[in-house]
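Chemist: How does the following fold in three dimensions:
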Amino acid sequence: MRKVQNINNTEETIDIIAKQISQGYKPKKIILFGSYAKGNAREDSDIDMLIIKDTEKQRGQRWMEVRRLVRDINRRVPFEPLIYTTDEIKKRTEMGDFFINEILDNGRVLYEQT
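Modeler: Numbers count the residues shown, from 1 in each chain. The predicted model follows:
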């Protein structure tokens, strides 16, 4: 696999996606994880973001809301959001969920509510 040739455009896309989500969805936090956060993205890499928002909505509804906000932005690079509430994150970390702990420990925070 080849590395992504134009990482600057992708970084700009990541910033735009995070801005759209932070303004339109009003999450507590957005964390970039995966290959773009680690700096080893390839041509077939997608943009992975963990979005933390307290809501009563079901996971599928959350996903659709976020996808609608960015549908016109992420045409070039696939975007994969994970949307959890603070309680869901807490439960998963208490259970020792390696995946969530890895994101929280090593992901790149793009937005945090003040």
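Chemist: any idea how far Asp54 lies from Pro27?
Modeler: 9 Å (Cβ to Cβ, to the nearest Å). Where C-beta positions appear, they are placed from N, C-alpha and C, glycine not excepted.
Chemist: Pick out whichever of these two has more residues nearby.
Modeler: Pro27 (24 against 11; other Cβ atoms under 10 Å).
Chemist: gap between the nearest residue to the more buried one once chain neighbours are set aside and Ala18?
Modeler: Nearest residue to Pro27, sequence neighbours excluded (Cβ to Cβ, 6 or more residues apart in numbering): Lys53, at 4.0 Å. In this view, Lys53 and Ala18 are 13 Å apart by Cβ to Cβ.
Chemist: which helices and strands sit right next to the longest helix seen in the chain?
Modeler: Counting residues, the longest helix found in the chain (DSSP state H) is helix 7-24. Secondary-structure packing of helix 7-24 (3 or more Cβ pairs under 8 Å, 6 or more residues apart in numbering; DSSP states H and E): strand 29-33, strand 47-52, helix 59-70, strand 108-112.
Chemist: List the buried residues for that helix?
Modeler: Across helix 7-24, burial judged by 16 or more other Cβ atoms under 10 Å covers 10, 13-14, 17-18, 20-22.
Chemist: Adding pLDDT and distance to Arg62, write those residues out as CSV.
Modeler: Shown next, in CSV, are the buried residues of helix 7-24 (pLDDT from 0 to 100; distance: Cβ to Cβ, whole Å):
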residue, pLDDT, distance to Arg62
Thr10, 84, 24
Thr13, 88, 21
Ile14, 92, 20
Ile17, 93, 16
Ala18, 95, 16
Gln20, 94, 15
Ile21, 96, 11
Ser22, 97, 15
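Chemist: got any ranges where this protein has weak pLDDT?
Modeler: Low-confidence regions of the chain, defined by pLDDT under 70, span residues 1-8, 74-76.
Chemist: please redo it, this time with the cut-off set to 90
Modeler: For the chain, applying pLDDT under 90 flags the ranges 1-13, 41-45, 70-79, 114.
Chemist: The residue nearest the centre of the chain - nearest residue in space that isn't next to it in sequence?
Modeler: Geometric centre of the chain, nearest residue: Met49, 1.1 Å, by Cα atoms, centre = their mean. Excluding the flanking residues, the one nearest Met49 by Cβ to Cβ, 6+ apart is Pro81, at 5.1 Å.
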